[in-house]
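Peer 1: attaching a predicted model along with its sequence, questions to come.
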Amino acid sequence: MKKIFLGCFTLAALFFGYHFVSQKTFKTHVLEVTSDNTIHQRLKQQADSLKTFVKNKSEYNSEIAFLIDMKINSGQPRFFVYNLKENKITDQGLVAHGSGSETGIENQLKFSNIPNSNTTSLGKYAIGHHYVGKFGKAYKLYGLGQTNDKAFERYIVLHYYSKVPYEPQAEPICNSLGCPMVNEKYFNRLEKILDNSEKKILLAIYY
């Protein structure tokens, strides 16, 4: 009788344990999907804003744009190449933010347009001509709003750096001095888009 009782108790424990784990796994999965949906909603909002901005402005590329979502951890892809016509991501990669944007609080950043602050500045940028500097080939960035209009003065450029990893990381990656800084392999794909575009491509950095 004692053995039968212990057997029934074990089966019941296994059932409730499985039920609890199943529920826990399901809830986590839903949370991840919601988070992913939020990222895409934010991305679409920014893309729509860029579409409105380039309308009737013939100097800008109205088909392709670059977008960086600073809400995403730096160890995960957050630099998106976006097709404005087809409303879809065509490429993505890791990108560093400025060391001055760190707050000491996990997943919380600050932003500034102040020279020598080493921070990332939010807003829309026009990507200008390339040049060869201390990090190799780089593209000048021109801030188009009050939150980033000192970008050129601050030498904020799009460039690559050897210590930026190519693959996603569990931990945050290295920081820049305020520039959007990517892996060289990803940069090589970006430069093909930039060099083949007859019009200026826009970059939006948002949070």
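Peer 2: Okay, I see it.

Peer 1: which residue packs closest to the spatially most central residue of the chain, ignoring adjacent ones?
Peer 2: Centroid check for the chain by C-alpha atoms, centre = their mean gives R78 as the closest residue, at 1.9 Å. Using C-beta to C-beta, 6 or more residues apart in numbering and skipping residues adjacent in sequence, the residue nearest R78 is I72, 3.8 Å away. C-beta here means a position set from N, CA and C on the backbone, and glycine is covered the same way.

Peer 1: tell me how far that neighbour lies from E102.
Peer 2: Using C-beta to C-beta, to the nearest Å, one obtains 15 Å as the distance from I72 to E102.

Peer 1: so what's L94 up against?
Peer 2: 74-79, 164-166, 168-169, 173, 182-183, 186 (C-beta atoms under 8 Å, 6 or more residues apart in numbering).

Peer 1: D91 too?
Peer 2: When contacts are counted by C-beta under 8 Å, 6+ apart, D91 touches 80-81, 186, 189.

Peer 1: I'd like the next helix or strand past the helix-or-strand element of the chain with minimal mean pLDDT.
Peer 2: Scoring the helices and strands of the chain by mean pLDDT, DSSP states H and E places helix 2-54 at the bottom, with a mean of 58. Toward the C-terminus, helix 2-54 is succeeded by strand 60-69 as the next helix or strand (DSSP states H and E).
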